[in-house]
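[1] no FASTA, just this:
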């Protein structure tokens, strides 16, 4: 679904703030089709299986046209791929990637092209600069038990840095159930950990009205703990479900929610944060020698 995302470079932070962050909560149809709009886009290629593009390049000249093809573009000169197998001169796929041809059906004439499109059946969060440059990604390393037959877990944790700000990323279940992953980033001087997640339904359920209420599902309480137990900021973003289990929120190092998006409302959440408060004190007091 096309969407215009907030650009942090377009808004100057408050004069008393040390940094500015934004989280986007967008509505998403239940059944997404293939969306190959940009490098790094996530798309669904069959029910229950999505993939993150490592790279993609497509144009009309890559499509086979024949005289009998009703969609043929008359008089246009097009490139014709000879054979469906990879040739020695074709570019190799990145490491740890699979071929898109392994997941979709296509005419033999197109299979060679599809074999050159790499996918990784992993849940991935991309880090993208204010100018649209892809700076890296974090794959979900700790899967929910229900995801074991769908995804391949990531194999490493990563720390990112932009303009001197160090931060980590945890994805959904691993941020709610595995506090060790947030602490991993805090021990490496991350000031904030970002937490994209998906919790709720558009079909049935209840919609919370008060943030952090005791009657809400536990997710927002977990956000509080991830920040407070590490003395860092925790920024969690959820889909704008009709019946959400949580909402996009920014939690300060004392475990206080300083900004949250109204439940079920698409929009952008912006919060000013003071990085000097994110000392990582409690994370750094952890005595790991007792847990070896």
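    Noted; the coordinates are in hand. Keep in mind it's a predicted model, so treat the numbers as computed, not measured.

[2] for the stretch 51-200 of the chain, give me the ranges with low pLDDT.
    51-84, 94-96, 109, 120 (pLDDT under 70).

[3] all helices of it, in order?
    When secondary structure is read from DSSP state H, counting those that start in this stretch, the stretch 51-200 of the chain shows helices at 108-114, 173-177, 179-186.

[4] residue 163: which of those is closest?
    Evaluated with CB to CB, the helices of the stretch 51-200 of the chain place helix 179-186 nearest to residue 163, the distance being 17.3 Å. Placement of C-beta: from N, CA and C, glycine included.

[5] can you list contacts of that closest one?
    Residues outside helix 179-186 that contact it (CB atoms under 8 Å, 6 or more residues apart in numbering) are 141-142, 157, 159, 167-168, 170, 174-175, 193, 225-226, 229-232, 234, 280, 283-284, 286.

[6] return the set of buried residues in it.
    Buried residues in helix 179-186, defined by neighbour count with 16 or more other CB atoms under 10 Å: 179, 181, 182, 183, 184, 185, 186.

[7] can you tell me which of those is nearest residue 128?
    residue 185 (18.5 Å).

[8] quick one: residue 169 from residue 135, how far?
    The gap separating residue 169 from residue 135 is 11 Å, by CB to CB, to the nearest Å.

[9] I'd like the helices of the stretch 51-200 of the chain as TSV, with distance to residue 264 appended.
    What follows is the helices of the stretch 51-200 of the chain, written out as TSV (distance: least, CB to CB, whole Å):
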stretch	distance to residue 264
helix 108-114	39
helix 173-177	20
helix 179-186	27
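
[10] nearest to residue 197, of the ones you listed?
    For residue 197, the closest of the helices of the stretch 51-200 of the chain is helix 173-177, at 6.6 Å, according to CB to CB.

[11] list the buried residues of that closest one.
    173, 174, 175, 176.

[12] against which helices or strands is it packed?
    When contacts are defined as 3 or more CB pairs under 8 Å, 6 or more residues apart in numbering; DSSP states H and E, helix 173-177 packs onto helix 179-186, helix 219-228.

[13] closest to residue 146 out of those helices?
    Going through the helices and strands packed on helix 173-177 one by one, with CB to CB as the measure, helix 219-228 comes closest at 16.4 Å.

[14] give the other helices and strands that the helix or strand that comes right after the closest one contacts.
    Scanning the chain past helix 219-228 towards its C-terminal end, the next helix or strand to appear is strand 233-237 (assignment: DSSP states H and E). Counting by 3+ CB pairs under 8 Å, 6+ apart, the packing neighbours recorded for strand 233-237 are strand 19-25, strand 192-196, helix 219-228, strand 249-251, strand 267-273.

[15] what does the following helix or strand past strand 233-237 contact?
    Moving toward the C-terminus from strand 233-237, the next helix or strand (DSSP H and E) is strand 243-244. Counting contacts by CB under 8 Å, 6+ apart, the residues outside strand 243-244 that touch it are 199-208, 238, 263-264.

[16] what pairs with strand 243-244, and is each one parallel or antiparallel?
    Taking DSSP bridges as the criterion, strand 243-244 sits next to strand 200-201 (antiparallel) in its sheet.

[17] show me the domain layout of this protein.
    Domain assignment of the chain by automatic domain parsing yields the ranges 32-121, 123-291.

[18] which of these is buried the deepest?
    Neighbour counts averaged per stretch over the domains of the chain are highest for domain 123-291, at a mean of 18; criterion: mean count of other CB atoms under 10 Å.

[19] first vs last residue of that domain, how far apart are they?
    Using CA to CA, to the nearest Å, the span of domain 123-291 from its first residue to its last is 29 Å.

[20] what's the answer for stretch 233-241, then?
    Stretch 233-241 stretches 24 Å from its first residue to its last (CA to CA).

[21] so who does residue 148 touch?
    Under the criterion of CB under 8 Å, 6+ apart, residue 148 has no contact partners.

[22] separation between it and residue 141?
    Between residue 148 and residue 141 the distance, using CB to CB, works out to 13 Å.
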